[in-house]
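Q: curious how this folds, go ahead:
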Amino acid sequence: MREHRLRPGFERLMVLGIFLFLAVGCKVLGSEDIAVEGVSVDPKYACIGIGGTVQLQAMISPSDANAKAVTWQSTATGVATISASGLVTGVSEGSTLIQVTTVDGGYVDFCSIDVSSEVAGGGPVISNIIKSSSYRNITISYDIQ
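A: Sure thing, here's the model as predicted:
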């Protein structure tokens, strides 16, 4: 059996080459980029009092997308403001749309907010109104918090 000896320093060169190949030329399994394909906001509608709040949630699809960052915007900041975390605060009577936009892809969805002085103490919050209808029947369901 023949024995082969490597030149001094060749081992280091081989290790460096393997490292560069793995670091630059290969992707680690499971680290592929999963792009955002859409966003939806929950609830779609809420009625709050002046000074009242409601927390909105942005649901990114697919749920395992890499970039889940969103921005929030109110179309009427004199009626309701929104924080970077999705907390809406009623400012004065009226209606506004809250827009959520994904940073990855620019997908958009909206929530309709009504602010009323008739809702005492800033609450309760009426949200998640779902209307379904058929030819003769209309069903409306909602949550009161």
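Q: can you classify Val100 by secondary structure?
A: Following DSSP: H, G, I helix; E, B strand; the rest coil, we place Val100 in the strand state.
Q: for Gln57, see how far away it is.
A: 9 Å (C-beta to C-beta, to the nearest Å). Every residue, glycine included, has its C-beta placed from N, CA and C.
Q: what do these two both touch?
A: When C-beta atoms under 8 Å, 6 or more residues apart in numbering defines a contact, the residues bordering Val100 and Gln57 alike are 41, 86.
Q: count the neighbours of Met59 for me.
A: 14 (other C-beta atoms under 10 Å).
Q: element containing the closest residue to it other than its chain neighbours?
A: In space, Met59 comes closest to Ser40 once its chain neighbours are excluded; the distance is 5.1 Å by C-beta to C-beta, 6 or more residues apart in numbering. Under the criterion of DSSP states H and E, Ser40 resides in strand 38-42.
Q: what strands line up against that strand, and which way round?
A: Applying DSSP bridges, strand 38-42 is found paired with strand 57-61 (antiparallel).
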